[in-house]
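S.K.: Sequence and predicted model, in that order:
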Amino acid sequence: SYPLDPWSNLHFAEAGTDIIPAMWVFNWQLTHLASGDFEQLFTGNAFYPLEESVLFSVNLLSTAFLSVPLYWVTGDFFLCYRVSIFCSFVLCSVGMLLLSRQLKLGVLASIIASLVFAFSEYRLLSSYANLAAMQWMPFTLLYIHKYFNEKRARHLYCAAIFFGLQTTACETYLILFSII
């Protein structure tokens with residue numbers, strides 16, 4: 001949503017990017033998740049007569065899933081889209097702070113690491129919710145690190161959950177993060 005007006009729904013069409021298809025997928029998945037219509041979650045009215053055409057576009061399933069309570073209250077998917085981008089900044093910084101502290105960095109170094117990760121130029125210049133949604137990466141690495149330190153299976157389960165959230169937030173990061 002930066003540098004756009006955060007309260008106006010009119011500026012998304014003027015963003016100068018191809019954000020409209022991503023917003024359509026987000027709206028499609030959000031409305032079907034909110035209504036409980038899971039059978040139609042990946043179908044779409046694009047690329048007719050192909051079924052499940054949403055799979056040809058960006059993946060925003062976990063982002064839409066986490067936005068469902070706000071959508072139930074407001075019914076405004078523009079607001080849900082903006083809030084999901086904002087929350088990705090907060091979660092990126094919290095996740096990196098926790099990971100940095102787990103790696104025994106000092107408080108100041110952890111704060112700097114969290115700010116650099118959350119507010120990197122790559123994230124600030126992207127108005128796409130799927131590319132901004134890298135907030136689950138530090139949580140995944142945190143629990144993998146905890147698993148190797150403590151050998152508790154629950155840390156491995158948490159890492160798997162966060163990895164699943166990350167891969168359903170952006171398919172690009174599924175490929176890139178799997179390499180790590």
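M.R.: Received the coordinates, thanks.

S.K.: Could you pull up the mean pLDDT of the strand or helix carrying residue 81?
M.R.: Element membership for residue 81 (DSSP states H and E) is helix 77-102. Mean per-residue pLDDT for helix 77-102: 92.

S.K.: tell me how far that helix is from the chain's mean position?
M.R.: 8 Å (C-alpha atoms, centre = their mean, to the nearest Å).

S.K.: which residues make contact with the next helix or strand after that helix from outside it?
M.R.: Once the chain leaves helix 77-102, the next helix or strand it forms, by DSSP H and E, is helix 107-118. Helix 107-118 is contacted from outside by 89-90, 92-97, 100-101, 105, 138, using C-beta atoms under 8 Å, 6 or more residues apart in numbering. (Glycine included, C-beta is placed from N, CA and C.)

S.K.: which stretches of this protein have low pLDDT?
M.R.: For the chain, applying pLDDT under 70 flags the ranges 1-18, 126-127.

S.K.: mind listing the helices in it by residue range?
M.R.: Secondary structure of the chain (DSSP state H): helices located at 19-35, 61-74, 77-102, 107-118, 121-124, 129-132, 136-150, 153-167, 171-179.

S.K.: mind listing what's buried in the fourth one?
M.R.: So the one you mean is helix 107-118. For helix 107-118, burial by neighbour count (16 or more other C-beta atoms under 10 Å) applies to 110-111, 113-114, 117-118.
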